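>>> fold the following.
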Amino acid sequence: MPGVLGRTYFNTSLTLPSLVEEDPKFTVLPSTKLVCTIGPVSNDVDTLIQMLQTGMSIARFDFSYVDTQLHQTGIDNLRQASKATRTLCATMMDTLGPEIVVTNRPSEPIKLEAGQTVLLTCDSSKQASSSVLPIAYPSLAGTGILPGRSVFVGQYLFTGSESTSAYLTVQQVDSSDMSAVCVVQNSCVLEGVQLTVHIGNMKNTAPILSDSDKQALLQFGKLNRIDFVALSFTRSAQDVKDARAYLDKIGMSEVKIIAKIENMEGLVNYREIMEQCDTMLLSRGSMGNCVDPEKMFLAQKMLLRECNLAGKPVYVTRVVDTMTDAPRPTRAEATDVANLVLDGADGIVLGSETFRGKFAVACAHTVLAICRQAEKCFDSFAYYQSVMDFAGFHSINPDISKTEALATAAVRAATKLQAGLIVVFTVTGRTARLIAKYRPQQPILTVVVPRLSTNGLKWHCSGDFVARQCLQYRGVMPLCADPSLGSPDGAILKAALQEANKRGLIKAGDRVVISQCPRVNERFPVMAEAGVVKILTISQDGVTAANPVIVNDDGMQRCTSLHVFGSMDAVQDCSDLF
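Next up, the predicted model:
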């Protein structure tokens, strides 16, 4: 795909004095989403309440750390915290996947000295020591391990700054392909709850879901109605298909799949992976062991830009490692977070910072504060234009679907009118995703209308799943609609505007753009029209609509029709739902 690196969408009118002014107290959360890994330091109710109030959108439970009881305590307490704060929070289950770990570890740490040799072996009967490191992998045959290749051994959720990680260089591979002699490049003490192993440019043939993953999905994921499953070390589109087949088989068909790109195989195949998964996640910690440091930024920008152009949500890990042990990030880390926002990331994932860090809540607050500042400088209109140009939507005969046309019309109208809010009515979340694709500067209040289905024995409502899963999209603020209120064009819309006013999203005189794209096979129609963008002006009470307006191509406003862009043909093809 030519020109995928794009550019950073930075536009600021800030003056030097404004940099030293104290920021006002913000009541609206930033558009960028925050994923926090829940661990021993963050799984109590009080801490989770603080993290939700700070702005955590998704709670991550990482099964690379195999302690099901710890994760169950965390998710139980999360439910309590969500109920206490009346805050929607999605849940993500991160699989172990084909990750390689050191086995048979002694109770005491393993000390390695620079220059010594250590045997990396697939013989699980060996005891781990300063001279032997047994790994959970059947054989080195076919992995591509050769003399000169690098091997990393480090603690679970390593930050790279601690002295608990070892960098090894392969010296000799045994003829049986069961072991390799490696030279230690740095002195360290290997400790922590788990030691992971990364072999440079390795071809890993293990299944994408290990036996322990399948058991955890049944006993934890299904039981707790997890919203997302993150596939560690995704290598190909087939990995995603295999995981999808298993999730469907065990009754987790509503779960969204996040493909974690964290090795060379995944990076090479990222385009085919992107077509199959629901969300992409660049795991910079593991990827950093496969890509040369001077090329890491290329992989990051390429992946972010292509996901942006495709409207695929994309997340990035490893941003403020320093805050695992310190109350403030480094200047480089703070700039890194801001640049991720300017490069179009949907969200940021915190790992060790909130799993075992000393400043979990402060870290979440700091990252979101940086995101808010970066969003103030984000040139949303230039971003919108670039995506439109790349897709050819500015041409005379654009190849554009009705739903995409409605989404672009909503964003364009909101930009021209300087609207305060975009309200989206959706059943599957697709309309919200398409609008978020264009990164409007306005918050996207998404009202999820429940979808009812039946297997002939009982009815099932999926609205809560969709609402939580909409939390992954940048700028989207989901709500669950109550069908008992009646027509969404009336009472539900009024309730949505009341909630927007309560949250400080709108005030009297603000313009509000409303978008919806229902399908004829849904039980609850969203509005009277089949597909439309509306514009309303908020009256003096701050919650009801005054006279509607439309905006023409010349930028002039007229109080005539309610419709900015409409289609009386309902969308019946649901094949592109995400």
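
>>> so how far is residue 443 from residue 536?
Remark: distance between residue 536 and residue 443 (C-beta to C-beta, to the nearest Å) = 15 Å. (Glycine included, C-beta is placed from N, CA and C.)

>>> show me the shaky parts of the stretch 51-200 of the chain.
Filtered on pLDDT under 70, the stretch 51-200 of the chain yields the residue ranges 158-162.

>>> where do the helices sit along it?
In the stretch 51-200 of the chain, the helices defined using DSSP state H, counting those that start in this stretch lie at 68-85.

>>> that one: strands as residue ranges?
58-62, 90-94, 100-101, 110-112, 117-121, 132-134, 150-155, 165-173, 179-184, 188-190, 195-199 (DSSP state E, counting those that start in this stretch).

>>> nearest to residue 50 among these would be which one?
Checking the strands of the stretch 51-200 of the chain against residue 50 by C-beta to C-beta gives strand 58-62 as the closest, at 13.1 Å.

>>> quick one: work out the angle between that closest one and helix 68-85.
Between strand 58-62 and helix 68-85, the angle comes out at 170 degrees (axes from the mean of the first three to the mean of the last three C-alpha atoms, to 10 degrees).

>>> now do strand 58-62 against strand 90-94, angle only.
20 degrees.

>>> list the buried ones in strand 58-62?
Buried positions in strand 58-62, judged by neighbour count with 16 or more other C-beta atoms under 10 Å: 58, 59, 60, 61, 62.

>>> from the contact counts, what lies against it?
Secondary-structure packing of strand 58-62 (3 or more C-beta pairs under 8 Å, 6 or more residues apart in numbering; DSSP states H and E): strand 33-37, helix 68-85, strand 90-94.

>>> that strand to strand 33-37, inter-axis angle?
Interaxial angle, strand 58-62 versus strand 33-37 (the same axes, to 10 degrees): 30 degrees.

>>> and for the closest residue to residue 170 other than its chain neighbours, the neighbour number?
The shortest distance from residue 170 to any non-neighbouring residue, by C-beta to C-beta, 6 or more residues apart in numbering, is to residue 149 (4.6 Å). Residue neighbour count, defined by other C-beta atoms under 10 Å, stands at 18 for residue 149.

>>> listing partners with orientation, what would you give for the helix or strand harbouring residue 478?
Using DSSP states H and E, residue 478 sits in strand 476-480. Using DSSP bridges, the strands paired with strand 476-480 in its sheet are strand 444-448 (parallel).

>>> just give the closest residue to residue 366, not the sequence neighbours.
Nearest residue to residue 366, sequence neighbours excluded (C-beta to C-beta, 6+ apart): residue 329, at 6.3 Å.

>>> any low-confidence regions in the stretch 251-400 of the chain?
For the stretch 251-400 of the chain, no range has pLDDT under 70.

>>> for it, what spans make up the strands?
Taking DSSP E, counting those that start in this stretch as the criterion, the stretch 251-400 of the chain carries its strands at 256-261, 279-282, 314-317, 347-350.

>>> out of the ones you listed, which gets nearest to residue 323?
Using C-beta to C-beta, those put strand 347-350 closest to residue 323, at 8.5 Å.

>>> so which residues make contact with that closest one?
The contact list for strand 347-350, computed with C-beta atoms under 8 Å, 6 or more residues apart in numbering, reads 32-37, 57-58, 60, 281, 313, 315-317, 319-320, 337, 340, 363-364, 367, 371, 472, 474.

>>> same question, stretch 74-87
Defining contact as C-beta under 8 Å, 6+ apart, one finds that stretch 74-87 is touched by 38-39, 42-45, 48-49, 51-53, 59, 61, 88-89, 91, 224.

>>> tell me the buried residues in that stretch?
Within stretch 74-87, judged by 16+ other C-beta under 10 Å, the buried ones are 74, 75, 77, 78, 81, 82, 87.

>>> next, format those residues as TSV and append distance to residue 449.
Below are the buried residues of stretch 74-87 laid out as TSV (distance: C-beta to C-beta, whole Å):
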residue	distance to residue 449
74	31
75	27
77	30
78	26
81	27
82	21
87	21
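
>>> tally of neighbours for residue 23?
Residues near residue 23, counting by other C-beta under 10 Å: 10.

>>> assign it to helix, strand or coil.
coil (DSSP: H, G, I helix; E, B strand; the rest coil).

>>> contact partners for it?
Neighbours of residue 23 in contact, by C-beta under 8 Å, 6+ apart: none.

>>> quick one: pLDDT of it?
Listed pLDDT for residue 23 reads 74.

>>> kindly report the same for residue 427.
Looking at residue 427, its pLDDT stands at 86.

>>> quick one: it and residue 467 touch, right?
No - the criterion here is C-beta atoms under 8 Å, and residue 427 misses it with residue 467 at 11.0 Å.

>>> overlap in contacts of the two?
residue 448.

>>> circling back to that earlier point, now the strands of the stretch 251-400 of the chain as CSV including mean neighbour count and distance to residue 195?
Converted to CSV, the strands of the stretch 251-400 of the chain look like this (neighbours: other C-beta atoms under 10 Å; distance: least, C-beta to C-beta, whole Å):
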stretch, mean neighbour count, distance to residue 195
strand 256-261, 26, 19
strand 279-282, 26, 23
strand 314-317, 24, 19
strand 347-350, 26, 21
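
>>> now distance to residue 115 too, for the ones you listed, in TSV please.
Formatted as TSV, these follow (distance: least, C-beta to C-beta, whole Å):
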stretch	distance to residue 115
strand 256-261	34
strand 279-282	34
strand 314-317	32
strand 347-350	36
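
>>> what is the burial count for the closest residue to residue 197 other than its chain neighbours?
Closest residue in space to residue 197, ignoring its immediate chain neighbours: residue 100 at 4.3 Å, by C-beta to C-beta, 6+ apart. Number of residues near residue 100 (other C-beta under 10 Å) recorded here: 22.

>>> please renumber the chain so that the first residue is 355 from this point on.
That works, and once the first residue is 355, the last one we named lands at residue 454.

>>> and residue 454, what does it touch?
Contacts of residue 454 by C-beta under 8 Å, 6+ apart are 489, 490, 491, 550, 551, 552, 553, 558.
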